[in-house]
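Engineer: Next comes the sequence, and after it the predicted model I'd like to discuss.
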Amino acid sequence: MGDRRSYGNGRSGVPNGRERVVRDGERSQRNLFVGVAFFVSALLIIAVIVFARRDNNDDDQQGIVVSQSTSTVPATSAQNSPTETNTTETGPTTSANTATTTTASTTSASTATETNTDPSAPTPDADEPEPTATEEEVVDVEDPTETTGSNEPLPTEEPPFIGEFGTLPPAQIVSGGLARPLNLDYDLATSLDVPESAPVYRLEWPVWTEEDVATISANLDLDGEIEGGPGNYQVFGSASEIYFNGPTIQYVYTGSLPPLPLGTDGSVIESARSWIYANGFISDDLDGGVVIGRDDDAGRAIVLFKPAQVSPVLSFLPSATVTIGPGGSVIEANIRWPSNYVGADYGLWSGDTLWNKVLAGEASIQADLSEIGGSGTLTGTLSVYDVSIAYSYASSSGGSEYLVPLIVFSGEATLNETGDVVSVSIYVSAIAGQATPQG
């Protein structure tokens, strides 16, 4: 069989078979180029979109950091932290502000990073204006230099009120036997409660007249004549003599003494008291009295009396001392006793203030160290177990004389050198307008 395919000759609209094959190949090649070009274009478009979204995400992330930095760490919290407070007190103002800003920024950045790792966290509006550092400092950060009183001394106690006698002279305190230096540490084992006020007493002294001298001399069986004048009388008898020097009285017995025993301390004190009252030297104002010296071989005992109306009195004045001999006879007497006490209230410093005076060395210490062996400075610890009020004599040259209140811190000190325990008292001026006690 022959070949029935017809290829044509290219004429009369009949396509030539080879030309058609060529055209079909060219069309396929164009389609391939178009497909490749479309694919490349699609890749470029996708890449542009990806990069655009990445830029948008970076912008949003930056907005989150700023927002969290503004809201997470308030400036007041940083300012109230211990670190920032110390910086404010010790460093200059500029460094204090820098420390506050640095602390807030560091903490905020950390918080913001943690927030961005949470996919559920809301995204802030990118159009919201970002607060500047200046706005944050003005609104939230307080200037440490505006803190009032940071460099000022702590408020001190207002001075207590001064009574009607005005400013008073310093009190006198008789030494109690500190023959050696004594350095103490303190153990305050009691409260520091002190009354708000206490009376000051102005002393009024007796003015002895010639009639008074005559009466007393007769009571003492003094047969001599009254000599001298107002303020300075003397009477000399055959067995005794008496002197009136202003308010002070001195009596001396010069006669013979009976061969009798001295007697007990109680009988000696009673003999002295009876003699003072019987002869009109003092009204009913004597305290219990105490024997401050005794020599049985010599037959002598010295009795000391202090006022009973104002008690206790630490100073030697006012006082009356009477030396008693055998059988209760009076050998000698020295009396300086007020005829009246005029009181006026004065405010007292607080217990804390008075104790601070002790620590500052503005006090007087009384301790009997006569039985402590050795020599040199003694040290120890004083346990203070009592706080009380006592009185002492105060006067200035040519001025009035007073009994003024002191605060007494009492306790026992254990000495490091010997282990001995001794009683110790510390006296502090308790009223305003008065110098440190003398003595």
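Structural biologist: Sure thing, it's come through.
Engineer: Same question for stretch 314-334: list its buried residues.
Structural biologist: Residues 314-326, 328-333 are the ones in stretch 314-334 that count as buried (16 or more other C-beta atoms under 10 Å). Yep, even glycine has a C-beta here, placed from its N, CA and C like the rest.
Engineer: go on, stretch 342-362?
Structural biologist: Buried, per 16+ other C-beta under 10 Å, within stretch 342-362: 343, 346, 347, 348, 349, 350, 351, 353, 354, 355, 357, 358.
Engineer: Same question for stretch 238-253.
Structural biologist: 240, 241, 242, 243, 244, 247, 249, 251, 253.
Engineer: Which of those residues sits closest to residue 201?
Structural biologist: Closest approach between the buried residues of stretch 238-253 and residue 201, by C-beta to C-beta: residue 247, at 15.2 Å.
Engineer: Look up the closest residue to the closest one, ignoring the ones flanking it.
Structural biologist: Nearest-residue entry for residue 247: residue 205, 3.6 Å, with adjacent residues in sequence omitted and distances by C-beta to C-beta, 6 or more residues apart in numbering.
Engineer: Identify the residues contacting that neighbour.
Structural biologist: 246, 247, 336, 338, 339, 401 (C-beta atoms under 8 Å, 6 or more residues apart in numbering).
Engineer: was I right about the second one contacting residue 336?
Structural biologist: Yes: with the criterion set as C-beta atoms under 8 Å, residue 247 and residue 336 qualify as a contacting pair; they are 5.9 Å apart.
Engineer: I'd like to know the phi and psi angles of residue 215, please.
Structural biologist: phi -60, psi -50 (degrees, to the nearest 10).
Engineer: Please apply the same query to residue 346.
Structural biologist: phi -130, psi 140.
Engineer: so what does the helix or strand that contains residue 424 touch, helix or strand wise?
Structural biologist: Following DSSP states H and E, one finds residue 424 within strand 421-429. Applying 3 or more C-beta pairs under 8 Å, 6 or more residues apart in numbering; DSSP states H and E, one finds that strand 421-429 makes contact with helix 351-359, strand 364-367, strand 378-395, strand 401-415.
Engineer: Confirm residue 185 sits in a strand?
Structural biologist: Yes: counting by DSSP: H, G, I helix; E, B strand; the rest coil, residue 185 is located in a strand.
Engineer: Let me know the distance separating residue 348 from residue 434.
Structural biologist: From residue 348 over to residue 434 the distance is 11 Å, taken as C-beta to C-beta, to the nearest Å.
Engineer: try residue 45
Structural biologist: 100 Å.
Engineer: Looking at the two, which is more packed in?
Structural biologist: The residue with more neighbours, out of residue 45 and residue 434, is residue 434; 21 against 10, by other C-beta atoms under 10 Å.
Engineer: With adjacent residues omitted, what lies nearest to that one?
Structural biologist: residue 168 (5.0 Å).
Engineer: quick one: contacts for that neighbour?
Structural biologist: 200, 394, 402, 404, 431, 433, 434.
Engineer: Those residues into JSON lines, with extra columns for distance to residue 410 and pLDDT?
Structural biologist: Below are the contacts of residue 168 laid out as JSON lines (distance: C-beta to C-beta, whole Å; pLDDT from 0 to 100):
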{"residue": "200", "distance to residue 410": "22", "pLDDT": "97"}
{"residue": "394", "distance to residue 410": "21", "pLDDT": "95"}
{"residue": "402", "distance to residue 410": "23", "pLDDT": "97"}
{"residue": "404", "distance to residue 410": "19", "pLDDT": "96"}
{"residue": "431", "distance to residue 410": "20", "pLDDT": "93"}
{"residue": "433", "distance to residue 410": "26", "pLDDT": "79"}
{"residue": "434", "distance to residue 410": "21", "pLDDT": "79"}
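Engineer: hang on, the earlier thing: out of the buried residues of stretch 314-334, list just those in strands.
Structural biologist: Assignment to strands by DSSP state E places the following of those there: 319, 320, 321, 322, 323, 324, 330, 331, 332, 333.
Engineer: who's the second one bridged to?
Structural biologist: To tie it back to what came earlier, the one meant is residue 320. On the basis of DSSP bridges, residue 320 is bridged to residue 305, residue 335.
Engineer: hmm, who's touching the strand holding residue 424?
Structural biologist: Contacts for strand 421-429 (C-beta under 8 Å, 6+ apart): 170-171, 173, 176, 184, 314, 354, 357-358, 362-369, 372, 382, 384, 390, 392, 404, 406-415, 435-437.
Engineer: Who does that strand pair with, and is each partner parallel or antiparallel?
Structural biologist: strand 364-367 (antiparallel), strand 401-415 (antiparallel).
Engineer: Pick out the shakiest of those, pLDDT-wise.
Structural biologist: Among the strands paired with strand 421-429, strand 364-367 carries the lowest mean pLDDT, a mean of 88.
Engineer: wait, residue 287 sits on residue 309?
Structural biologist: No: between residue 287 and residue 309 there is no contact, the gap being 9.2 Å when judged by C-beta under 8 Å.
Engineer: what ranges do the helices span in the stretch 101-250 of the chain?
Structural biologist: 133-140, 210-219 (DSSP state H, counting those that start in this stretch).
Engineer: and the longest one, what does it pack onto?
Structural biologist: Packed against helix 210-219 by the contact rule (3+ C-beta pairs under 8 Å, 6+ apart) you find strand 226-229, strand 232-236, strand 240-245.
Engineer: Quick one, which of the ones you listed gets closest to residue 300.
Structural biologist: strand 240-245 (16.5 Å).
Engineer: what pLDDT, on average, does that closest one get?
Structural biologist: 97.
Engineer: Which elements pack onto it?
Structural biologist: Partner elements for strand 240-245 (3+ C-beta pairs under 8 Å, 6+ apart): helix 210-219, strand 232-236, strand 248-253.
Engineer: can you give me the angle it makes with strand 330-336?
Structural biologist: Put simply, strand 240-245 runs at 10 degrees to strand 330-336, going by axes from the mean of the first three to the mean of the last three C-alpha atoms, to 10 degrees.
Engineer: low-confidence ranges in the stretch 151-300 of the chain?
Structural biologist: 151-156, 174-178 (pLDDT under 70).
Engineer: who touches the residue nearest to residue 202 when sequence neighbours are not counted in this structure?
Structural biologist: Spatial nearest neighbour of residue 202, chain neighbours left out: residue 342 (4.4 Å); criterion: C-beta to C-beta, 6+ apart. Neighbour list for residue 342: 201, 202, 204 [criterion: C-beta under 8 Å, 6+ apart].
Engineer: Now do the same contact list for residue 304.
Structural biologist: 289, 290, 291, 292, 319, 320, 321.
Engineer: one more time with 10 Å, if that's ok
Structural biologist: 269, 272, 287, 289-293, 316, 319-322 (C-beta atoms under 10 Å, 6 or more residues apart in numbering).
Engineer: How about residue 273?
Structural biologist: So residue 273 contacts 282, 286, 287, 288, 289, 303, 305, 320, 322 (C-beta under 10 Å, 6+ apart).
Engineer: I'm done for today, thanks for sticking with me.
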